[in-house]
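Colleague: How does the following fold in three dimensions:
(one chain, ligands or ions: 2)
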Amino acid sequence: MGRIIIFTGKGGVGKTSIAAAHALISAEEGKKTLLVSVDMAHNLGDLFACSVGRNVTEIKKNLYALELDPDYIMHEEFPNVQKAVIDFVGASGANITLNGHFPLPGFENLFSLLKIKQLYESNAYDRILVDCAPTGETLSLLKFPELLSWYIEKFSPVGKIMLRVLNPISKLRYHVKLPDRKALGDLGQMHLDLINLQELLKNREICTIRLVCIPEKMVVEETKRNFMYLNLYRYQVDGVFINRILPEHMDNPFMEKWHSIQKQYIEELEKVFVHMPLSYIPWYPEEIRGSQAVEKLCEDLRSLSNLFDIRLQTDNEEYSLCENGYLFTLKLPGVIEDEVEVYMHNLDMNIRIGNFNRCIPLPNTLQRSQITSVQLEQGVLKIQFKIPEFPNTEEAH
Ligand SMILES: Nc1ncnc2c1ncn2[C@@H]1O[C@H](COP(=O)(O)OP(=O)(O)O)[C@@H](O)[C@H]1O
Ligand SMILES: [Mg+2]
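Modeller: Ligands and ions are numbered 1, 2, ... in the order given. Presented below is the predicted three-dimensional model:
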């Protein structure tokens with residue numbers, strides 16, 4: 001089974017460098033490795049001092065690189081999907097511009113994810129390492145498959161059927177299988193692809209996310225929020241890389257001051273990510289450009305014994321049975337109680353935190369239920385659903 005590792009973090013913190021070093025080490029281990037950039041400001045070519053573009057380029061033995069152009073992929077590789085979604089939005093009465101652009105901002109980027117899924121399913125690579133754009137854009141990208149699925153489930157008949165079949169409680173209890181894709185139209189296939197995409201990206205055996213940061217206030221704050229939002233959308237973070245750490249004893253008061261500032265933020269990161277593998281990377285005297293410079297970074301990463309292991313033990317979201325109904329738990333490390341709002345709206349459970357609202361269609365079993373309690377305990381959100389006359393009249397559909 002292949003692996004996908006996604007690198008994310010604030011702009012300029014070292015995502016590309018660290019993703020590239022992972023890629024070099026992976027190739028050295030004899031694993032066929034693809035390093036993919038989904039940042040529109042691609043710079044893999046710069047880093048390896050060679051030309052990388054829309055087509056897979058071999059960098060060295062076992063190492064391949066690709067810079068994705070979502071607009072190109074959308075038109076050239078998934079024209080049916082694009083058309084199906086535009087027709088669907090048109091039919092649902094949404095305002096759509098005449099030149100065929102989709103009104104959901106960032107829609108094109110979804111095609112980068114669909115392309116990654118296609119590359120994964122081709123079985124051509126053992127590991128796919130994804131170098132992302134800065135945090136905000138990456139979060140918008142990663143929430144897109146669920147968001148678009150939600151639209152299809154709400155507004156198209158095919159989506160409504162899928163929602164019934166695929167709700168998490170039906171899956172939990174009846175081990176239902178996905179419908180045959182040939183039996184579905186273009187929109188149904190698109191929806192199925194979105195569901196498969198989410199299953200792929202949220203399957204911790206396959207896909208994990210690694211956060212890259214530097215020990216500075218703004219970056220630490222953003223890293224904590226990013227981690228919490230990734231959890232909100234059920235992505236699995238399995239490592240944090242603290243980059244650009246100054247050496248000790250620099251014999252220079254100015255640098256010593258910076259060193260003590262860094263120390264304070266490293267300690268804060270250690271407290272927040274207490275159960276997460278943290279990796280410490282020094283600040284090198286030179287930029288990381290060209291394979292030789294990346295090699296220096298590789299030396300430091302190689303000393304981490306379990307670099308490609310999945311460093312996670314448990315899922316971060318689940319439904320379980322409890323007295324009178326079901327309990328939904330979601331790990332939201334670092335969230336502040338006052339900022340979490342949970343409410344039902346149109347048969348969906350909404351979890352709102354700051355500017356992000358995750359809308360989770362409720363399984364049919366829970367649609368007649370009531371939320372009886374919402375609690376946040378040590379970073380875990382616990383939502384209890386009471387089902388009338390549970391369990392006697394309870395059915396899964
Ligand atoms: N540990 C480090 N020491 C020295 N320079 C670094 C280090 N990590 C990154 N850099 C440099 O910082 C800049 C940004 O790194 P990059 O990997 O492109 O970040 P991102 O992909 O997050 O924007 C690059 O010029 C890179 O060479
Ligand atoms: Mg980058």
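Colleague: How much space separates the closest residue to Gly290 other than its chain neighbours from ligand 1?
Modeller: Distance criterion CB to CB, 6 or more residues apart in numbering; nearest residue to Gly290, sequence neighbours excluded, is Ala49 at 4.7 Å. Where you see a C-beta, it was placed from the backbone N, CA and C, and this is true even at glycine. Applying CB to the nearest ligand atom, to the nearest Å, the value for Ala49 to ligand 1 is 12 Å.
Colleague: Ala49: what's it in contact with?
Modeller: Applying CB atoms under 8 Å, 6 or more residues apart in numbering, we find Ala49 in contact with 289-291.
Colleague: Show me what residue of the stretch 201-350 of the chain gets nearest to ligand 2.
Modeller: Of all residues in the stretch 201-350 of the chain, the one sitting closest to ligand 2 is Val212 (9.3 Å; CB to the ion).
Colleague: in the sheet, who's paired with that residue?
Modeller: According to DSSP bridges, the partner residues bridging Val212 are Phe241.
Colleague: how far away is it from Tyr151?
Modeller: 32 Å (CB to CB, to the nearest Å).
Colleague: Neighbour count for those two, which is higher?
Modeller: Val212 (26 against 18; other CB atoms under 10 Å).
Colleague: Isn't the more buried one up against Lys15?
Modeller: Yes: taking CB atoms under 8 Å as the definition, Val212 is a contact partner of Lys15 at 4.7 Å.
Colleague: tell me, what's touching those two both at once?
Modeller: Residues within reach of Val212 and of Lys15 at once, by CB under 8 Å, 6+ apart, are 7-9.
Colleague: most neighbours, which of those residues?
Modeller: In terms of neighbours by other CB under 10 Å, those top out with Thr8 at 29 neighbours.
Colleague: before we move on, the earlier item: dump the shared contacts of Val212 and Lys15 into CSV; add pLDDT as well.
Modeller: Below are those laid out as CSV (pLDDT from 0 to 100):
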residue, pLDDT
Phe7, 97
Thr8, 96
Gly9, 96
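Colleague: If we check ligand 1, which of these are in contact?
Modeller: By CB under 6 Å from any ligand atom, the members of the shared contacts of Val212 and Lys15 lying near ligand 1 are Gly9.
Colleague: Nearest to ligand 1 among the shared contacts of Val212 and Lys15?
Modeller: Among the shared contacts of Val212 and Lys15, Gly9 lies closest to ligand 1 (CB to the nearest ligand atom), at 5.9 Å.
Colleague: and the gap between that closest one and Ala19?
Modeller: Gly9 sits 10 Å away from Ala19, going by CB to CB.
Colleague: who are the neighbours in contact with the residue lying closest to Met40 once chain neighbours are set aside?
Modeller: Closest residue to Met40 apart from its sequence neighbours, by CB to CB, 6+ apart: Ala133 at 6.5 Å. Shown in contact with Ala133 (CB under 8 Å, 6+ apart): 38-41, 141.
Colleague: Which ones among the shared contacts of Val212 and Lys15 lie within helices?
Modeller: Among the shared contacts of Val212 and Lys15, no residue falls in helices (DSSP state H).
Colleague: In TSV, list the shared contacts of Val212 and Lys15 along with distance to ligand 2.
Modeller: Rendered in TSV, the data for these read as follows (distance: CB to the ion, whole Å):
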residue	distance to ligand 2
Phe7	9
Thr8	10
Gly9	9
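Colleague: In strands, which of the shared contacts of Val212 and Lys15 fall?
Modeller: 7-8 (DSSP state E).
Colleague: which one among the shared contacts of Val212 and Lys15 gets closest to Cys322?
Modeller: Using CB to CB, Thr8 comes nearest to Cys322 of those, at 34.1 Å.
Colleague: what does the chain have sitting close to ligand 1?
Modeller: 9, 11-17, 243-244, 281, 283-284, 287-289.
Colleague: Just the residues contacting stretch 315-326, thanks.
Modeller: By CB under 8 Å, 6+ apart, stretch 315-326 touches 168-169, 172, 204, 231, 234, 236, 327-331, 363, 365-366, 369, 372, 384-387, 390.
Colleague: Output the below-cut-off pLDDT ranges for the chain.
Modeller: Applying pLDDT under 70 to the chain flags residues 89-105, 158-184, 305, 312-314, 390-397.
Colleague: Which positions in it make contact with ligand 2?
Modeller: Within reach of ligand 2 by CB under 5 Å from the ion, the chain has these residues: 15-16.
Colleague: Could you rerun that using 8 Å?
Modeller: With CB under 8 Å from the ion as the criterion, the chain comes near ligand 2 at residues 11-12, 15-17, 19, 37, 39, 41, 43, 131-133.
Colleague: Compile these into TSV and extend it with columns for distance to Pro157 and secondary structure.
Modeller: Formatted as TSV, the residues of the chain next to ligand 2 follow (distance: CB to CB, whole Å; DSSP: H, G, I helix; E, B strand; the rest coil):
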residue	distance to Pro157	secondary structure
Gly11	42	coil
Gly12	47	coil
Lys15	41	helix
Thr16	44	helix
Ser17	48	helix
Ala19	41	helix
Ser37	38	strand
Asp39	37	coil
Ala41	41	coil
Asn43	45	coil
Asp131	39	strand
Cys132	35	coil
Ala133	35	coil
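Colleague: Pretty sure Asp193 sits against Leu114.
Modeller: Yes: contact criterion CB under 8 Å: Asp193 and Leu114 qualify, at 6.3 Å.
Colleague: Need the residues touching each of the two.
Modeller: With CB under 8 Å, 6+ apart, Asp193 and Leu114 have common neighbours Val81.
Colleague: Near Leu148, how many other residues are there?
Modeller: Number of residues near Leu148 (other CB under 10 Å) recorded here: 21.
Colleague: which residues does it contact?
Modeller: Contacts of Leu148 by CB under 8 Å, 6+ apart are 85, 104, 107, 110, 194.
Colleague: How about Arg289?
Modeller: 46-47, 49.
Colleague: try 7 Å this time
Modeller: 46-47 (CB atoms under 7 Å, 6 or more residues apart in numbering).
Colleague: That one belongs to a helix?
Modeller: No: under DSSP: H, G, I helix; E, B strand; the rest coil, Arg289 falls outside any helix and is assigned coil.
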